[in-house]
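Novice: Just need the structure, nothing else, for what follows:
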Amino acid sequence: MEKEVIMIEAKDKRVRRTKKLLYHELAILMKEKSIDEITVTELTKQCHMNRSTFYLHYSDIHEMVRKAEDSIIGRMEAIFNREDYQTILSNPLPLFISALELVQEHADIMCALLGSNGDMGFYRRLKQQIYARCLESWLLTYHPHETEKYWACYSFMIGGCVSMAISWISEDLLSDTPKELAEKMIIYCRAIIRSSDIKLSDS
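Specialist: Numbers count the residues shown, from 1 in each chain. This is a model prediction of the structure:
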């Protein structure tokens, strides 16, 4: 029994290493090509592995990308679900830090997915996810008749935060820790909120 467990764990490690290599090389290829232009043959050649190894895990490049996106979205959802939206609004720092730690952990593929050859659908999913979890309830509670007005402000803020995160991981600007970058993002967001005369509560 113990031997079987060890064999399973060893297999799991090999699978994780294989997938990590595939995503790393996919991210490199996406610096030059769109997802539609990348073939399984090209990717596996880059990884020095057989096509059959790729097909053990994915049916094609699009499924591989979709699984990466779903995994990131799922983990981001878990971060958002730790607190209710009132707690997030009053103390957003822990959420920002956790989100940036996730971005940092998956820096290669995040850069690729949010870059010029990436998937705009993934960006829209992230944006909608943050809106639904953090701001929708607040808007419906305090500004039920002005959601369109504040959506514009929100879009500006989230676009700026995403751009900062991409620059942070893609341009070797990791001198900032996730906490330091999170603090900067919050300062900028609060400045935008103040200048927009947005009420964060009914007080």
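Novice: helix or strand right after the strand or helix carrying Ala68?
Specialist: Element membership for Ala68 (DSSP states H and E) is helix 61-80. Moving toward the C-terminus from helix 61-80, the first helix or strand encountered (DSSP H and E) is helix 85-90.
Novice: quick one, what contacts Ile79?
Specialist: When contacts are counted by CB atoms under 8 Å, 6 or more residues apart in numbering, Ile79 touches Leu95, Ser98, Ala99, Leu102. Quick note: C-beta positions are derived from backbone N, CA and C, even for glycine.
Novice: What of Gln129?
Specialist: So Gln129 contacts Ile73, Met76, Glu77, Phe80 (CB under 8 Å, 6+ apart).
Novice: Helix, strand or coil: sort out it for me.
Specialist: Classification of Gln129 by DSSP: H, G, I helix; E, B strand; the rest coil places it in helix.
Novice: Against Phe156, how distant is it?
Specialist: For Gln129, the distance to Phe156 (CB to CB, to the nearest Å) stands at 18 Å.
Novice: same check, this time on Val103
Specialist: 20 Å.
Novice: Which of these two has more residues huddled nearby?
Specialist: Using other CB atoms under 10 Å as the criterion, Val103 and Phe156 rank with Val103 on top: 21 against 13.
Novice: thinking the more buried one is in contact with Met110, fair?
Specialist: Yes. Between Val103 and Met110 there is a contact at 5.4 Å, judged by CB atoms under 8 Å.
Novice: so what sits against both of those two?
Specialist: If you check Val103 and Met110 against CB under 8 Å, 6+ apart, the residues they both contact are Ala165, Ile169.
Novice: Kindly list the single helix or strand of this structure that scores lowest on mean pLDDT.
Specialist: helix 136-142 (a mean of 63; mean pLDDT, DSSP states H and E).
Novice: thinking again about what came up before, name the member of the contacts of Gln129 that has the highest neighbour count.
Specialist: Met76 (19 neighbours).
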